[in-house]
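Visitor: Predicted coordinates and the sequence they were generated for:
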Amino acid sequence: MYLRRNRRLKDGKEHCYWNIVESKRCAGGKVVQRQVLYLGEINDSQREAWCEVIEAFDEGSQRPTQLALFSAERAMPDHAKGYGVQVRLDRMQLHRPRQWGACWLACTLYEQLGLDEFWTRRLPVSREGTCWHHILQTLVCYRLIDPGSEWRLHRLWFEQSAMGDLLGGDYALVEKNALYRCLDKVVAHKHELFDHLRRRWQDLFGARFDVLLYDLTSTYFESDPPADETDKRRYGYSRDKRGDCVQVVIALIVTPEGFPLAYEVLPGNTADNTTLRAFLQKTQYGKADRIWVMDRGIPTEEVLSEMRQADPPVCYLVGTPKGRLGKLEQQLLGLPWQTVREGVDVKLLPQAQELYVLAQSRSRIHKERAMRRRQLKRLWARLKQLSAMRLKREDLLMKLGAARAKSPAAWRLVDIALAAQGAAFGFELNRKKLREARRREGRYLLRTNLCGQDPAHLWQFYIQLAEIEAAFKNLKDDLGLRPIYHQLEQRIDAHIFIAFIAYYSTLRCVPGSNRWPAASRPGRSSTSWRPCKCSTSTSRPLTAVS
């Protein structure tokens, strides 16, 4: 180990930052430096003190000496005196245990998807001997098992895992600069990877791609807003409730079985209803025999009209805003209910080139009514508290605004009457709105141009949008997609790309579902990670010692 100095010019003045660095010799005679401790700016006396501490580790012969080990239960041979060491075997302890089971399973899933062969052809070994495809595999397995930063992978995680043993590599796989340089190489092959995975899912599971679920989410950054106007990091509507942070929008296409077909990273201020047309214009998504299933707010009337008038027409099934249900309510009242499955009834209203489907789910009715009662009860108790307080008018308005933000749905059912002066107010329940809300709870109005389709299939297609919500949850929570700390745009795209590759590997673990078994989700500590039932591994992580 030794002290290494890094120089940086800041405000016209040179600053020196010091690190304790350990040299590790790798295959081929290559030497890689591992950051042991960051010291920051230190003065000369502090630097000399640290040098003395480091030199204390090399006291004695000041040169490496090869030693022989002998059991303490017998005498040391005469020829070994001077370089032999007696060892008490009963006092032996296990040091440097490494996580094996999770790493083995992650590598197995990676190989069964053919990702090792795919990346070996596109990321060949460099002239210096850098094995880029093994570095990428390490990044993906790290994201799948215990997601964190590249610095943490370089500094801590690799030595606590068995990735080096499984890949036949050494510390050169996680050399700091190599990790970031690998990120710069992978995004260019994104669309080729989508085609490769689509073929693998067809071979492994017989997956079909005639129904496409489309939705958007966002992920935010713990960084300052960029000065470059072309940067994708922008302020916008945050699904993570972090409107104070810049973000990017991610558009995702998933099959009903949970297999992602593709994704795109869009600027953070992109409106949902401006994204669909670009996907439809791509030939691999916009074929006529595919059905697009979306939530309300994504397609515009112009885009839906273009889908109907296309040759041949592009099929769609989309939710509608609640206002449209009010416009068609009189026409729907006289239509009979049809039972499509236990607990689900529908009404069908044909229109010009379209079919409106009013769906009613009894389980959803009970759920929404419980949510509305809980929110209304909380709001009513808060309004009673405020009416008993002596507040200034400005303070009262602020507290009423906070109560409205906390219970927005219940607020629409209550009439608030403020006094013209002072801080007095009255409130009462609007029973007309309450009856209207009860009548619409658990009911959804869908629209489609699949006029001859079975209503049960249409309902089943729409409720499968829950699969894409589960995909977003796994990506953000279990695979650590948020927040993002990278500053360069190509590194941001690469960070999201690595998370998606790790997510693709989870789908091989649980066919037909994008949810991990409760005890085997990635992103947990090494002691709680469990392989899934389809694995032949043991039920607990394995460890190895060097």
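Guide: Arrived safely.

Visitor: gap between residue 183 and residue 482?
Guide: Using C-beta to C-beta, to the nearest Å, residue 183 is found at 17 Å from residue 482. (Each C-beta comes from the backbone N, C-alpha and C, glycine too.)

Visitor: the strands in the stretch 301-450 of the chain, which residues?
Guide: For the stretch 301-450 of the chain, strands defined by DSSP state E, counting those that start in this stretch occupy the ranges 315-319, 338-341, 344-351, 354-361, 414-418, 425-429, 443-448.

Visitor: now for the second one, which elements pack on it?
Guide: When contacts are defined as 3 or more C-beta pairs under 8 Å, 6 or more residues apart in numbering; DSSP states H and E, strand 338-341 packs onto strand 344-351, helix 455-463.

Visitor: Next, the buried residues of that strand.
Guide: Within strand 338-341, the residues that qualify as buried are residue 340, counting by 16 or more other C-beta atoms under 10 Å.

Visitor: okay, it in PDB with CA atoms only?
Guide: In PDB, the C-alpha atoms belonging to strand 338-341 read as follows (Å, rounded to 0.1, in the frame of the first residue of the first chain):
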ATOM      1  CA  GLN A 338     -73.400  -9.400 -19.400                       C
ATOM      2  CA  THR A 339     -71.400 -11.700 -17.100                       C
ATOM      3  CA  VAL A 340     -67.900 -12.400 -18.500                       C
ATOM      4  CA  ARG A 341     -66.500 -14.100 -15.400                       C
END
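
Visitor: Give me the contact list for it.
Guide: Strand 338-341 is contacted by residues 345-348, 454-456, 459 when judged by C-beta atoms under 8 Å, 6 or more residues apart in numbering.

Visitor: please redo it, this time with the cut-off set to 7 Å
Guide: Outside of strand 338-341, the residues that reach it under the criterion C-beta atoms under 7 Å, 6 or more residues apart in numbering are 345-346, 455-456, 459.

Visitor: I'd like these laid out as CSV, including distance to residue 383, pLDDT and neighbour count.
Guide: Output for the contacts of strand 338-341, formatted as CSV (distance: C-beta to C-beta, whole Å; pLDDT from 0 to 100; neighbours: other C-beta atoms under 10 Å):
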residue, distance to residue 383, pLDDT, neighbour count
345, 36, 88, 18
346, 38, 88, 21
455, 43, 80, 20
456, 44, 79, 14
459, 39, 80, 21
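
Visitor: Pick the one among those closest to residue 30.
Guide: Nearest to residue 30 among the contacts of strand 338-341 is residue 459, at 60.2 Å by C-beta to C-beta.

Visitor: Let me know the secondary structure of residue 482.
Guide: Following DSSP: H, G, I helix; E, B strand; the rest coil, residue 482 is assigned to coil.

Visitor: now it, nearest residue through space, not along the chain?
Guide: In space, residue 482 comes closest to residue 219 once its chain neighbours are excluded; the distance is 4.3 Å by C-beta to C-beta, 6 or more residues apart in numbering.

Visitor: who's the one you found bridged to?
Guide: When bridges are called by DSSP bridges, residue 219 pairs up with residue 248.

Visitor: wait, isn't it in contact with residue 245?
Guide: No. Contact criterion C-beta atoms under 7 Å: residue 219 and residue 245 do not qualify, at 9.6 Å.

Visitor: pLDDT below threshold where in the protein?
Guide: For the chain, the stretches with pLDDT under 70 are 27-29, 52-71, 73, 77, 79-85, 89, 283-289, 507-546.

Visitor: ok, 50 please
Guide: Scanning the chain for pLDDT under 50 picks out 56-59, 64-66, 286, 510-546.

Visitor: Give me the secondary structure label for the most centrally placed residue in the chain.
Guide: The structure's the chain has its C-alpha centroid closest to residue 475; by C-alpha atoms, centre = their mean the separation is 2.0 Å. Per three-state DSSP, the local secondary structure of residue 475 is helix.

Visitor: quick one: it from residue 250, how far?
Guide: As defined by C-beta to C-beta, residue 475 lies at a distance of 8 Å from residue 250.

Visitor: And the helices and strands packed on strand 338-341: which comes nearest residue 98?
Guide: Of these, nearest to residue 98 by C-beta to C-beta is helix 455-463, at 43.7 Å.

Visitor: How far off centre is the biggest helix by length in the chain?
Guide: Looking across the chain with DSSP state H, the single longest helix is helix 362-388. Offset of helix 362-388 from its chain centre (C-alpha atoms, centre = their mean, to the nearest Å): 32 Å.

Visitor: re earlier: touching, the residue nearest to the centre of the chain and residue 502? I think so.
Guide: No. Counting by C-beta under 7 Å, residue 475 stays clear of residue 502, with 8.8 Å between them.

Visitor: Mind listing the shared neighbours of the two?
Guide: Here residue 475 and residue 502 share no contacting residue, scored by C-beta under 7 Å, 6+ apart.

Visitor: Just confirm residue 104 is within a helix.
Guide: Yes. Counting by three-state DSSP, one finds residue 104 located in a helix.

Visitor: and it, how many neighbours does it have?
Guide: 21 (other C-beta atoms under 10 Å).

Visitor: What distance do you get for it to residue 165?
Guide: For residue 104, the distance to residue 165 (C-beta to C-beta) stands at 10 Å.

Visitor: how long is stretch 339-356 from one end to the other?
Guide: 16 Å (C-alpha to C-alpha, to the nearest Å).

Visitor: Mind listing what's buried along it?
Guide: 340, 344-347, 355-356.

Visitor: How far away from the center of its chain is it?
Guide: Chain-centre distance of stretch 339-356: 35 Å, with C-alpha atoms, centre = their mean.

Visitor: ok, back up a step: wait, which of the buried residues of stretch 339-356 is closest to residue 237?
Guide: residue 356 (27.8 Å).

Visitor: After the lengthiest strand in the chain, which helix or strand is next?
Guide: Secondary structure of the chain per DSSP state E: the longest strand is strand 13-25. Per DSSP states H and E, strand 13-25 leads on to strand 31-40 as the next helix or strand towards the C-terminus.

Visitor: so what strands line up beside that following strand?
Guide: Paired neighbours of strand 31-40 in the sheet (DSSP bridges): strand 13-25 (antiparallel).

Visitor: Mind listing what's buried along the partner strand?
Guide: Result for strand 13-25 [16+ other C-beta under 10 Å]: buried residues 18-20.

Visitor: which one among the residues you listed gets closest to residue 12?
Guide: residue 18 (21.3 Å).

Visitor: so who does the closest one touch?
Guide: 3, 5, 39, 42, 47.

Visitor: For the residue nearest to the centre of the chain, which non-adjacent residue is closest in space?
Guide: Of all residues not flanking residue 475 in the chain, residue 481 sits nearest, at 4.6 Å (C-beta to C-beta, 6+ apart).

Visitor: cool, residue 476 as well?
Guide: Nearest non-adjacent residue to residue 476, counting by C-beta to C-beta, 6+ apart: residue 482, 5.0 Å away.

Visitor: Just confirm the one you found contacts residue 217, I think it does.
Guide: No. Using C-beta under 7 Å, residue 482 is not in contact with residue 217, being 9.5 Å away.

Visitor: rewinding a little: quick one, which of the helices and strands packed on strand 338-341 is nearest to residue 365?
Guide: The closest of the helices and strands packed on strand 338-341 to residue 365 is strand 344-351. By C-beta to C-beta, the value is 10.8 Å.

Visitor: relative to strand 354-361, how tilted is the closest one?
Guide: Orientation check (axes from the mean of the first three to the mean of the last three C-alpha atoms, to 10 degrees): strand 344-351 against strand 354-361 gives 160 degrees.

Visitor: Partner strands of strand 344-351, with direction?
Guide: strand 338-341 (antiparallel), strand 354-361 (antiparallel).
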